[in-house]
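Trainee: predicted model, plus sequence, below.
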Amino acid sequence: MDVQLKIVKTNSDKELVINIRKEVFIEGLNIPEHLEIDSNEESAIYILAQVDGKSVGTARWRETDEGTKLERFAVLNEYRSCGIGTKMTKFIINKLKDSKLIYLNAQSSAIPFYEKLGFKPIGPRFREVDIEHQKMIFPKNN
């Protein structure tokens, strides 16, 4: 499967990102739209994953007081387990190689996925939008 990744720069690509997130989070996980589409929309940098011209995945990152936070990873259901999430994560980490700290809050079901990519759990698990999460950091020695 040939996956193309790009940083989102146009409003039309941003609309594709929002559509993927609506399908995965709002419809798929029943997350309220006002929580999914948040106040960080304009300050975050987004990527878009495409297969044969179809937009199938997205993720974003943004700077926080702690470091660079990766978030909103979403892949359409029929494209999961095809390596798209891995490619998106590696693409972002490569873009952020000079960041002081890279971290994310993984849904508990995704912890093994992020561990395979080198992330390490830190601190206790917690609930966010009624889903158990784990903060994970990407060690600089990777």
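Mentor: Yep, it's here.

Trainee: any idea how far the residue nearest the centre of the chain is from residue 106?
Mentor: Taking Cα atoms, centre = their mean, the centroid of the chain lies closest to residue 73, which sits 2.4 Å from it. Separation of residue 73 from residue 106 (Cβ to Cβ, to the nearest Å) stands at 9 Å. Placement of C-beta: from N, CA and C, glycine included.

Trainee: before we move on, what about residue 129?
Mentor: Residue 129 sits 13 Å away from residue 106, going by Cβ to Cβ.

Trainee: so those two - more neighbours on which side?
Mentor: residue 106 (23 against 13; other Cβ atoms under 10 Å).

Trainee: in which helix or strand does that one reside?
Mentor: Per DSSP states H and E: residue 106 is located in strand 102-107.

Trainee: quick check: buried residues in the helix or strand following that strand?
Mentor: The element immediately downstream of strand 102-107 (helix or strand, assigned by DSSP H and E) is helix 111-116. Going by neighbour count (16 or more other Cβ atoms under 10 Å), the buried part of helix 111-116 is 111, 114.
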